[in-house]
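1. Kindly generate the corresponding structure for this input.
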Amino acid sequence: MTVLRVRIDLAYDGTDFSGWAAQPGRRTVEGELSAALTTLLRAPEPVRLTVAGRTDAGVHARGQVVHADVDPVAWALVPGRGDRTPEEAARAKLGGIVPGDIVVRSVVLAPKGFDARFAALQRRYVYRICDDAGVLDPLRRRDTVVVRDSLDVGAMDEAARRLEGLNDFAAFCKKRDGATTVRTLLTYTWKRVADGTLEATVVADAFCHSMVRALVGSVVPVGMGRAPVAFPREILTARARDPRVKVMPAHGLSLEEVTYPADADLAARALEARATRTLGPEG
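-> Alright, predicted model coming up:
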């Protein structure tokens, strides 16, 4: 059957979700959005979604992207008797169906070759830490982790930058059978922002399970003065999980942006991303 591929951009507060992925008996972002699309399209079966980044329980998103393959006839009926396009009507109607902790930013027909997961060039995450509870904005308690010790943001930034590049991040990932842990960490930096909190910017072509929170956990001891600046790099080169690296709490993490190549390059990028990456003998 011929289908239309639709791109949906959305944001959500991950606090009350058991992550992105649908799970029996649990409230998930995928479950809520799929149910909303199924209702909108009056589909006989739940609409399947492909997501750019499978966020864990408690992780937020401001720039999540998904695609769905839908029945063209059902799609054409979405506006009803109105004069809006199906895309305009779908965004508005989905906004009225999904719960308040999900916001549908846009709905568009995807260009040829688009795949929300495999065509992505990079994902950008932000992680927020407050090291002075007296300056914490209580309105941001759901997206900011509080630590008791003062943090040296300069040392954290230096340690983080040493992890950038093409590497095997096995030491920072939960291993999955048959899945590679080789990634290109394009940016990993720390700064203290205007409200007094520390923010990490973490950008990679892709991430493996728990990678960002483990990367954060590797530099926090450096900021506390409990480990040298070289510590995270030493853990990286060991390529094995280390009990000294704690996976940080989920609620400090937010998926901010997913970027894609020009339309003409989407299919080639998706093919490239599906290839299993390895390091050379000196990697």
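
2. which residues touch the strand or helix carrying Ile8?
-> According to DSSP states H and E, Ile8 maps onto strand 4-12. Here strand 4-12 makes contact (CB atoms under 8 Å, 6 or more residues apart in numbering) with 29, 33, 60-72, 75, 87, 90, 94, 101-110, 114, 116. From N, CA and C alone the C-beta is placed, and that goes for glycine too.

3. Now with 6 Å, please.
-> Applying CB atoms under 6 Å, 6 or more residues apart in numbering, the contact partners of strand 4-12 are 29, 61-62, 64-70, 72, 75, 101-108, 110.

4. again, but for stretch 197-213
-> Applying CB under 6 Å, 6+ apart, the external contacts of stretch 197-213 come out as 122, 124-130, 144, 153, 169, 172-174, 181, 183-193, 216, 247-248, 253.

5. In strands only, show me those residues.
-> In this view, those that belong to strands under DSSP state E are 122, 124-130, 183-192, 253.

6. I'd like the list of the contacts of strand 4-12 that fall within helices, please.
-> 29, 72, 75 (DSSP state H).

7. Quick one: the helices in this structure, in order.
-> 29-41, 72-76, 86-97, 153-161, 211-223, 231-238, 266-274.

8. Residues in a beta bridge with Tyr12, which ones?
-> Bridge pairing for Tyr12 (DSSP bridges) gives the partners Ala61, Ile102.

9. Run a quick neighbour tally on it.
-> 26 (other CB atoms under 10 Å).

10. next one: Ala68
-> Per other CB under 10 Å, the neighbour tally for Ala68 reads 23.

11. Isn't it up against Val47?
-> Yes - counting by CB atoms under 6 Å, Ala68 does reach Val47; the two are 5.3 Å apart.

12. need the contact list for Arg128.
-> Counting by CB under 6 Å, 6+ apart, Arg128 makes contact with 143-144, 197, 199, 252.

13. Identify the residues contacting stretch 42-54?
-> In contact with stretch 42-54 (CB under 6 Å, 6+ apart) are residues 20-21, 30, 34, 37-38, 65-68, 116-117, 120, 123, 255, 258.

14. hmm, try it at 7 Å
-> If you take CB atoms under 7 Å, 6 or more residues apart in numbering as the criterion, stretch 42-54 is touched by 20-21, 30, 33-34, 37-38, 41, 64-68, 70, 74, 115-117, 120, 123, 255, 258.

15. Check the offset of that stretch from the chain's centre.
-> Relative to its parent chain, stretch 42-54 has a centroid offset of 17 Å by CA atoms, centre = their mean, to the nearest Å.

16. Give me the distance between the two termini of it.
-> With CA to CA, to the nearest Å as the measure, stretch 42-54 spans 26 Å from end to end.

17. pLDDT on stretch 63-79, on average?
-> When pLDDT is averaged along stretch 63-79, the result is 97.

18. buried sites along it?
-> For stretch 63-79, burial by neighbour count (16 or more other CB atoms under 10 Å) applies to 63-68, 70-71, 74-75, 78-79.

19. Just the CA trace of it, in CSV.
-> Extracted C-alpha coordinates of stretch 63-79, given in CSV (Å, rounded to 0.1, in the frame of the first residue of the first chain):
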residue,chain,number,x,y,z
GLY,A,63,13.6,19.4,19.8
GLN,A,64,12.4,15.8,19.3
VAL,A,65,11.6,14.6,15.8
VAL,A,66,9.6,11.6,14.7
HIS,A,67,8.2,10.2,11.4
ALA,A,68,5.1,8.2,10.7
ASP,A,69,3.9,6.4,7.6
VAL,A,70,0.2,7.1,7.1
ASP,A,71,-2.7,6.2,4.8
PRO,A,72,-3.0,9.0,2.1
VAL,A,73,-6.8,8.7,2.1
ALA,A,74,-7.0,9.1,5.9
TRP,A,75,-4.5,12.0,5.8
ALA,A,76,-6.6,13.9,3.2
LEU,A,77,-9.6,13.7,5.5
VAL,A,78,-7.9,15.3,8.4
PRO,A,79,-9.0,18.9,7.7
